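# I'd like to go over a predicted model; first the sequence, then the structure.
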Amino acid sequence: MAKPKAKKRRPRKRGKGQGTAYSVRLHTHEHALIDAAAEDNELSLAGFLAKAGLAAAHNRFRAAAAVSDDRDVLSALFILKRRFGWAGSNLNQLAKTYNSGGQGPNLDEAIADVLLTRDAIQELIDGMLNRHKDQSV
């Protein structure tokens, strides 16, 4: 019996200079899951994988939580904890300088660094919790 023809999906738009191709090996259940998501988005499997990979690359902290095991996520959390400590230390030094009437580097940048680091830590924690919740279902 012949396999029914699949609905033609639109290919991902290609940019100039695009030429490197990669091969991916998937388990049957992984292929089915990704293929269904590609179909839902009216993309080819390769186009969906490319778009999903690029989306993950734009937010590396969230991607780390989604694709890493717990040990990798914990390592990332320790790195972010150190970064948070440095950012907090910089903020404290700026506060001391401003409180004594001095002028320091841009306070907004120091605050933004603290907030970005806090958000990255929260994203890693949320990703780890969501992954565990998904695995227990």
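Yep, that arrived.
# Let's verify Gly19: helix, strand, or coil?
Classification of Gly19 using DSSP: H, G, I helix; E, B strand; the rest coil returns coil.
# Relative to Gly102, how far out is it?
55 Å (CB to CB, to the nearest Å). Using the backbone N, CA and C atoms, a C-beta is placed for each residue, glycine as well.
# for Ala36, same thing?
For Ala36 relative to Gly102 (CB to CB), the value is 60 Å.
# do the same with His29
His29 is 61 Å from Gly102, by CB to CB.
# I would like the residues contacting stretch 22-33, please.
If you take CB atoms under 8 Å, 6 or more residues apart in numbering as the criterion, stretch 22-33 is touched by 34, 49.
# And that stretch, end to end?
19 Å (CA to CA, to the nearest Å).
# quick one on the thing from earlier: so for Gly19 and Gly102, which sits in the more crowded spot?
Gly102 (9 against 6; other CB atoms under 10 Å).
# right, and the helix or strand after the helix or strand of the chain with the lowest mean pLDDT?
Lowest mean confidence among the helices and strands of the chain (mean pLDDT, DSSP states H and E): helix 60-67, at a mean of 62. Counting by DSSP states H and E, the element after helix 60-67 in chain order, helix or strand, is helix 70-99.
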